[in-house]
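Engineer: Test case, fold it:
(4 chains)
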Amino acid sequence: MQRYSGFGLAKHALSHHENWQRQWRNPTPKKKYDVIVVGGGGHGLATAYYLAKNHGITNVAVLEKGWLGGGNTARNTTIVRSNYLWDEAARLYDHSLDLWKGLSQDLNYNVMFSQRGVMNLGHTLQDMRDIQRRVHANRLNGVDSEVITPDQIKEIVPVIDTSKRARYPILGASWQKSAGVARHDAVAWGYARAADALGVDILQNTEVTGFKIRDGQVYGVHTNRGDIESKTIGCVTAGNSGVVAKMAGLTLPLESHPLQALVSEPLKPVLDTVVMSNHVHGYISQSDKGDLVIGAGINGYLGYGQRGSYTTVEHTLQAIVEMFPIFSRVRMNRQWGGIVDTCADACPILSKTKVKGLFFNCGWGTGGFKATPGSGHVFAASLAKGEMHPIAAPFSIDRFNTGALIDEHGAAGVAH
Amino acid sequence: MFYIHCPYCDEYRDEEEFHPKGQAHIARPEDPESCTDDQWGAYLFFRDNPRGIHHELWVHAIGCRKFFNITRNSASYEILETYRMGEQPRFSAEHPEGKSVETVAAEKVAAEAGMVAGQEGVKA
Amino acid sequence: MSDITYGKVATFNTHPDASIPKESPLSVAYNTGSVPAASSGSGILFKEQAFLGHLILRGGAIVLDEAVRKVLGISLPGQPLGLALDASGERSVQWLSPDEWLVIVPGGEELDVEQRLRDALGDAHYAIVDVSGGQTLISLEGEKVRELLMKSTSYDVHPSNFPVGKAVSVVFGKSSLILRRPSEERYELVLRRSFADYLYRWILDAGAEYGIGVQR
Amino acid sequence: MSQSNQPNRLRQGGRIDRARTLSFTFNGKRYQGHAGDTLASALLANGVDLVNRSFKYSRPRGIVAAGAEEPNALVQLGSTEAAQVPNVRATQQALFEGLTAQSTNGWPNVQRDVMSLVGKLGGRFMPPGFYYKTFMAPASMWMTYEKYIRKGAGLGRSPMENDPDSYDHLNQHCELLVVGAGPAGLAAALTAARAGARVILCDEQEEMGGSLLASRELLDDQPAAQWAEQVISELAENDNVTLLPRTTANGYHDHNFVTLHERRTEHLGEAAPTVDGYRLTRSRMHRVRAGQVLLATGAHERPLVYGNNDVPGNLVAGAVSTYIRRYGVVPGNKLVLSVSNDHAYRAALDWDEAGREVVAIVDARRHPDGELVEQARARGIRIIEGSAVLEAKGDKRVSGARVATIDAAAFKVTGQAELLECDTIASSGGYSPVIHLASHTGARPTWDEEILGFVPSLVKGVHAAGSARGVHDLAEGLADGAAKATEALAALGKSASAIEPPRAETIREGEACALYQVPHEKPTLRAPKQFVDMQNDVTAAAIELATREGFESIEHVKRYTAMGFGTDQGKLGNINGMAIAARCLGRSIPEVGTTVFRPNYTPVTFGAIVGRHCRELFDPERYTALHQWHVENGAEFEDVGQWKRPWYFPRKVNGKLETMDEAVARESLAVRTGVGILDASTLGKIDIQGPDAREFLGRVYTNKWAKLAPGRVRYGLMCKDDGMLMDDGTTSCLGENHFLMTTTTGGAAGVMEWLELWHQTEWPELQVYFTSVTDHWATMTVTGPDARKLLSEITDIDLDREQFKFMDWRNGKVADVPARVFRISFTGELAYEINVQANYAMHVWKTLFEHGKKYDLTPYGTETMHVLRAEKGLIIAGQDTDGSVTPEDLGMFWAIGYDKPFSWIGKRALTRPDTARKDRKQFVGLKPVDPKVVLEEGAHIVVDKDQPIPMDMLGHVTSSYYSPNLESGFALAVIKGGRDRMGEKLYVPMPDGQAHEVEVVSPVFIDPKGERQHV
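Structural biologist: Predicted coordinates for the structure are as follows:
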């Protein structure tokens, strides 16, 4: 792998950039792999990378039906935080946050993880009770988190309206300083490049059309580029997980819903942190390019169209202008949507299935991007050992039958 | 932004008057106490989640407050039909072009004959 | 007792002597909001018809039709979204859903109407519920009413879609209400009490462009 | 008239109003233009070449286009802080008197920009993706690097003051929405209007007519614009037609929902004017639901990609014609026109007619032979065949064009370059249909090799006509518009006959050739910068580099280079970029991918999307019938759902307003020792009638209802089928088949829908009806030891404790008003809930206070209510429960009908392995060992306060207060295996390192036997 550095960049500039190498190969599928990862988004690529790097399993294929990172990896609002309520979720997301901190160096790819802090606003007394509960739990779990007052909020975000004028005045917030944002595309590309360098075959435009299962054991997949064999298959297909599961005769406890986001035109820096509000319903940050990146709500219906309802965008901007009246004259440039696979408890599924050798990593709902490194890390360990990693174990499909749900609706960015 | 034909009001109304309520035709098990935990879990949480033709339950919340079903393509978002509780869809993954009106009528007669005995819920 | 038990259901006369003061759902709005006077330039006239009797009628259309005709002299609107008035225009029956109608009568008549309906309906399965305290009726007149409605609801209020004799429940601003078309020149809104202040402010705001006036 | 100070303004021509001169300021300098100008045409008239600096390299930039596709001329508008609008496209901003604008980039100013040095020197060090490849070491430094990177972010700036203007929405419906009032759109609208259809015709420009306004062609032997005027006036007369000029269709959404953004006042001034005492809304969003949609959105001309094609003075050919013919402005003196098609020859003819020099037409085709070519030849204009402009010369303005013969297919320069002296280069590489709206709902456009452009794939109910689908010829476009309108109406079952289109001369055009990036003598990576996306400074080299690095999907190329992510969404550049990627990868354009667009077509002010749903109309405030009294009596309010509920009623004590703690202490003592009153009207109330009402209650509640007699009241718990508590409340038996259910304030609508859900979908055979009566009744809770004394003064109800027991209800009169009185208690004290028809509530409430004076009747709010109920261990659903708590967890076994015949909602789930666990979190009381301590709500509980982090948490505090009655803090909590821990000492660790010691106790702190409510 050609190492990236400022010095290297300068050298390439002198040769008019004519000598850059491909960031990953475009290999022909082999007949057989030790592990197949279905889905070339951030989580899938991270899984492949950690399989190769941490477990020495390099005979791995990542099958992507379109282009790498083209699903939710490319469509989210790039927020990274770990202030989840329940122990199980906090452990998973905080594990991920730890990996984020050294990710650029680990991958030799700048994913621009920027710890500019995330605040979750409270507008009602019950909001504040929930915030306090979460912050207390975070603290005892070792997750950086504190409750801040409207005055402190105003100090961090001078352009927010903390006055009593608001319909739902801001009463306080939880504040995770170590949280922030990252460059979403770079995460997929960085993992892809690093995994490829370790020998992983990244197969784009390779769509799984079925599973080969015999006596309850998976042994390969059918694809549009022919059959590929493996006795260990991890499906990391986010919004399409239900569709993929069906090919294996499985039903999952989740539904795929549209989730939208939008950006303003680029503006000179005006907002230096991430502000989220569940109550008035919108969240916002400003990218390094200057766009205000705004997350909208989820729609309650099934949707694979990568678009949702216009009223959701209206409501979101109403919330944003309510919190930031000065943005009324700022203009919205673009909106888009992703397909989020949501479970009843707003927590993911990291699980074995009834089919031996077939694993699923899905159900991340609105919280997938931030979990990318942690998810890949523990899922790789689970695939390598054939047993779920302890951090992943509570997220088994079985919890929907036993009742051991991990209800994170309060902590999910968007109330479902 | 869906435009939904309410089968009770008998006209198209804007999506904002309706609430989606998940997959249609999920009947509560007749005898919950005899269900296994897996069966109960399946009833509560496990869903078809298809990409393509999907039957879903909606309610005309700001309107007549009636629940009804929609057959909708979850990828194109095209609504193929709306139908009242207790009715069966014409369109389905197996019949993407829609069963003929005659077939539906014949099935309805047969179903009604079969329903005389049982107290089958309208969601079945 | 103000209570009569009809078989197994209780009715209730909510009204005290006429001397007791009462307040319409718009009292806060009138007291604290703006009340622009109507003028010759008003493109919209807003007038509350407070303290009417409002009843919710539930049951099968066939069961209810005869009783309603007998008691109110109005044929029950069996078609969706129908609105029927009596000859005086003071009493109306509105389709709300296949088994639900809204009856509006002059204030104070509601218990009498309910009891007469109950007498007429006998043992049938139905329900009648007095909701008079929970809602109020607004009439809007003027050449700009349609524009105001277009600002407020996504329902198509063009006469080709919303002719006289139609009534619909719709989203209005961020709340909802019943929108009725009893006559060519008049539109009616039925507001829920707790949302009345918001809706009043919304309507005044939307109507400001057309010089909306409030008749009290 | 001072023509002289507008050097590029023609003496005559154009559609501007020369009688109206308007002054404006750009970058601090005053200029003049005319009514009818855009800011761009006025700047060009004044010879302002340099309007901005580019985003990444700070290169000087000028105006390139004349409409929505303009990538460079973005300005900051506004003379005051509140009126600032960032990133306004000068080509779409009508000029008004006093307009003030500035370039969005450039420091200290756009002429002498310090950053341009960085661009010149450093440009080479900033290939696409350079951020990903550097700034990684050391890890701790990224935030520092980023701080500096961020300084360069953005184009314009946000206003820092609140918007003085407002915005609104208008919901529209029509049978046919026609987007674009050019030739095809006008023909379509006229066809539909004459057929009697409800039509909306919108157009983004200041004036309707589209290309007809600047057309050279005649229609019915008169100038095309005149035909447009006639059509528009006929449409304006028609009641069924809504004409919306200055209105951009910015988003197409499912099922033919289209948002049209009408700029109502942006052409008039920087803030909206007041008309007849009403301040107009600045802009208006029309939310249109259309039966059919017809896109007559025209096409955008593609510029050619050649070296230094971004230097001011480089324009697209069509823009040159538009400025000359529509605005009477020639944007230069000496023109070189570089084309791949005949259509663009018009620019040279117009330039020639404007009396300025056409240096040459450089045509990439070997043997151009169309009529326009002949016309140009006939005028003696030099035509250089088989050639293209390789490179522009000049820095802040074009000074020359290097031209050579090329082999487009082989991507090679084949001849010696010639330098033509000129100050303007106009180019045309063909026409891209404006397909944005058609692809907003995901339809993928398809490449049409014949027109060398993407044509829209159309979803049901959408049609395209004219240039928008590649029919560029005027006569054909007119006919197409009319024909498509009849097709659209036919889809609605309406017949219409197409209008007879006006006579248009058909101009024979020769075949165009495919040319996107012009080859250069040097390889792309070494050639002068050839810009593809000017706004984002994306060059052909960047695209080539991206493909070399393995970014092969066009989506990857776009993301890696940022192509098309600007505020113009790549209207000019995307297809050129795809063509370059295709060339690099050795594929065809359709093989590389397709181009999809997202709303908005052009950016839209947040305010317009928000409409009136802001400030005081952001969200409804729900009031009870007693709201006015609460306001007048100084209540502080709490938001509960949309309701405004009194939170507490601070009194002035010694001239000072009580704090909440003081007020709550006073209020709760009053209830425990005297009498208090609460407005409980917000509780949900549902009237339930029918012979199966009782059976139904038994199914939706966990407890038993079979034997509840008329006159009696019972508390009930409602679960979901997962066994978790969802709501609670009392239900009264009004008659054998008649019940009144109450719900929590926040749960009211949800419970109502829940009941209907089960009734309509599972148990339609049950004969029962539900009707919400929440707003009909006002509810006043009179509670405390003196409640009976007070009430007895004004009621005819026999309040004798034997006659009217706890959990009874009675009818009677209170303050002469018929009332239903419920003897239920949420405070643990003697309590009467008085329900009256809401219109009479204020009278009853005030009468209670008249009589209550002697008992010091104390109004209390939700905070005191919370304290009082918590002292009694009564839960609040949603505060003490969170969707993961079962009735068993709450210890409410007395309210669980295990032996009810029907398996009620929630029952089955209670025996699942996790719900049946013995060590689940259970509801308990906590008593701080130090009575002064009031635990923090949400704080967590541990066994070992010294355990290192992460600590094992047992549960958390759900409710916590100071009780003046107990003279101690106390709390409710859920704790693992809590019921078996009674008396145990646990700890609540706080952020300051302290840990409060608490004792696990029963959640009932006061009157455990419940005697006081029975008195």
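Engineer: just for chain D, where's the confidence low?
Structural biologist: Applying pLDDT under 70 to chain D flags residues D:1-4, D:118-122.
Engineer: Counting residues, what is the longest helix that it contains?
Structural biologist: helix D:474-491 (DSSP state H).
Engineer: go on, chain B?
Structural biologist: Longest helix in chain B, counting by DSSP H: helix B:101-115.
Engineer: Which parts of chain A belong to which domain?
Structural biologist: A:34-79+A:85-94+A:184-254+A:345-412, A:114-181+A:255-340 (the TED database).
Engineer: between those, which gets nearest to D:Arg615?
Structural biologist: D:Arg615 sits nearest to domain A:114-181+A:255-340 of all the domains of chain A, at 7.7 Å, using Cβ to Cβ. For the C-beta atoms, the positions are set from N, CA and C on the backbone; glycine is no exception.
Engineer: That closest one: end-to-end distance?
Structural biologist: 24 Å (Cα to Cα, to the nearest Å).
Engineer: can you tell me if that domain touches chain C.
Structural biologist: No - using Cβ under 8 Å from any Cβ of the partner chain, domain A:114-181+A:255-340 stays clear of chain C, coming no nearer than 8.9 Å.
Engineer: Burial check on residue 149, number of neighbours?
Structural biologist: Since you didn't name a chain, this refers to chain A. 13 (other Cβ atoms under 10 Å in any protein chain shown).
Engineer: think we crossed wires, I meant chain C
Structural biologist: Quick note: C:Leu149 (other Cβ under 10 Å) scores 23 neighbours.
Engineer: Which pLDDT value belongs to it?
Structural biologist: Looking at C:Leu149, its pLDDT reads 98.
Engineer: Contacts only, for the nearest residue to C:Ala124 once chain neighbours are set aside.
Structural biologist: Distances taken as Cβ to Cβ, 6 or more residues apart in numbering or on different chains put C:Val63 closest to C:Ala124, at 4.7 Å, once the chain neighbours are dropped. Going by Cβ atoms under 8 Å, 6 or more residues apart in numbering or on different chains, C:Val63 touches C:121, C:124-126.
Engineer: how would you label the spatially most central residue of chain A: helix, strand or coil?
Structural biologist: With distances taken as Cα atoms, centre = their mean, A:Phe369 lies nearest the centre of chain A, 1.4 Å away. At A:Phe369, secondary structure determined by DSSP: H, G, I helix; E, B strand; the rest coil is helix.
Engineer: What sits closest to it if chain neighbours are left out?
Structural biologist: Per Cβ to Cβ, 6+ apart, closest to A:Phe369 is A:Asn76, 4.3 Å.
Engineer: Just confirm that neighbour is within a helix.
Structural biologist: No - assigned with three-state DSSP, A:Asn76 falls outside any helix and is coil.
Engineer: Give me the neighbour count for it.
Structural biologist: 23.
Engineer: Same question for A:Leu14.
Structural biologist: Residues near A:Leu14, counting by other Cβ under 10 Å: 9.
Engineer: need the contact list for it.
Structural biologist: So A:Leu14 contacts nothing (Cβ under 8 Å, 6+ apart).
Engineer: how near is it to chain C?
Structural biologist: 61 Å (Cβ to the nearest Cβ, to the nearest Å).
Engineer: do the same with D:Thr441
Structural biologist: 19 Å.
Engineer: all helices for chain A, in order.
Structural biologist: Using DSSP H, helices in chain A cover A:6-14, A:42-55, A:87-101, A:103-107, A:125-140, A:150-156, A:184-197, A:241-247, A:310-323, A:368-385, A:399-402.
Engineer: Could you dump these into a markdown table and include mean pLDDT?
Structural biologist: Shown next, in a markdown table, are those (pLDDT from 0 to 100):
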| stretch | mean pLDDT |
| --- | --- |
| helix A:6-14 | 87 |
| helix A:42-55 | 98 |
| helix A:87-101 | 96 |
| helix A:103-107 | 96 |
| helix A:125-140 | 96 |
| helix A:150-156 | 98 |
| helix A:184-197 | 97 |
| helix A:241-247 | 96 |
| helix A:310-323 | 97 |
| helix A:368-385 | 98 |
| helix A:399-402 | 96 |
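Engineer: Tell me which of those sits nearest to B:His25.
Structural biologist: That would be helix A:241-247 among those, by Cβ to Cβ, at 16.8 Å.
Engineer: is it true that C:Ile104 touches C:Leu137?
Structural biologist: Yes - in terms of Cβ atoms under 8 Å, C:Ile104 counts as a neighbour of C:Leu137; the distance is 6.6 Å.
Engineer: And the residue of chain C closest to chain B?
Structural biologist: Residue nearest to chain B within chain C: C:Ser97 (3.6 Å; Cβ to the nearest Cβ).
Engineer: OK, contacts around the closest residue to that residue other than its chain neighbours?
Structural biologist: Nearest non-adjacent residue to C:Ser97, counting by Cβ to Cβ, 6+ apart: B:Cys64, 3.6 Å away. Contact analysis of B:Cys64 by Cβ under 8 Å, 6+ apart lists B:6, B:8-9, C:80, C:96-98, C:100, C:169.
Engineer: circling back: based on its surroundings, how many neighbours for the residue of chain C closest to chain B?
Structural biologist: So C:Ser97, with other Cβ under 10 Å, has 17 neighbours.
Engineer: Report the contact partners of the residue lying closest to D:Val867 once chain neighbours are set aside.
Structural biologist: Of all residues not flanking D:Val867 in the chain, D:Tyr961 sits nearest, at 4.5 Å (Cβ to Cβ, 6+ apart). By Cβ under 8 Å, 6+ apart, the residues touching D:Tyr961 are D:664, D:866-867, D:870, D:934, D:969-971.
Engineer: Was I right to think A:Val274 contacts A:Ala182?
Structural biologist: No - A:Val274 is beyond contact range of A:Ala182, at 11.4 Å (criterion: Cβ under 8 Å).
Engineer: Looking at these two, which is more packed in?
Structural biologist: Neighbour count, other Cβ under 10 Å: between A:Val274 and A:Ala182, A:Val274 has more, with 28 against 25.
Engineer: Tell me the bridge partners for the more buried one.
Structural biologist: A:Val118 (DSSP bridges).
Engineer: follow-up on the earlier one: parallel or antiparallel, list what pairs with the helix or strand containing the residue nearest to D:Val867.
Structural biologist: Assigned by DSSP states H and E, D:Tyr961 belongs to strand D:955-963. Strand D:955-963 sits in its sheet next to strand D:940-941 (antiparallel), strand D:968-976 (antiparallel), going by DSSP bridges.
Engineer: closest to D:Asp880 out of the helices of chain A?
Structural biologist: helix A:125-140 (10.2 Å).
Engineer: Just checking the closest one against chain D, any contact.
Structural biologist: Yes - Helix A:125-140 reaches chain D (Cβ under 8 Å from any Cβ) through A:125-126, A:129-137, A:139-140.
Engineer: returning to what we had before: looking at it, the residue of chain C closest to chain B is touching B:Cys6, isn't it?
Structural biologist: No - C:Ser97 is beyond contact range of B:Cys6, at 9.8 Å (criterion: Cβ under 8 Å).
Engineer: anything in contact with each of these two?
Structural biologist: B:63-64, B:66.
Engineer: Any buried residues in stretch D:608-627, and which?
Structural biologist: For stretch D:608-627, the neighbour count (16 or more other Cβ atoms under 10 Å in any protein chain shown) marks D:608-615, D:617-627 as buried.
Engineer: mind listing which of those are in helices?
Structural biologist: D:608-610, D:627.
Engineer: show me which of those neighbour chain C.
Structural biologist: D:His627.
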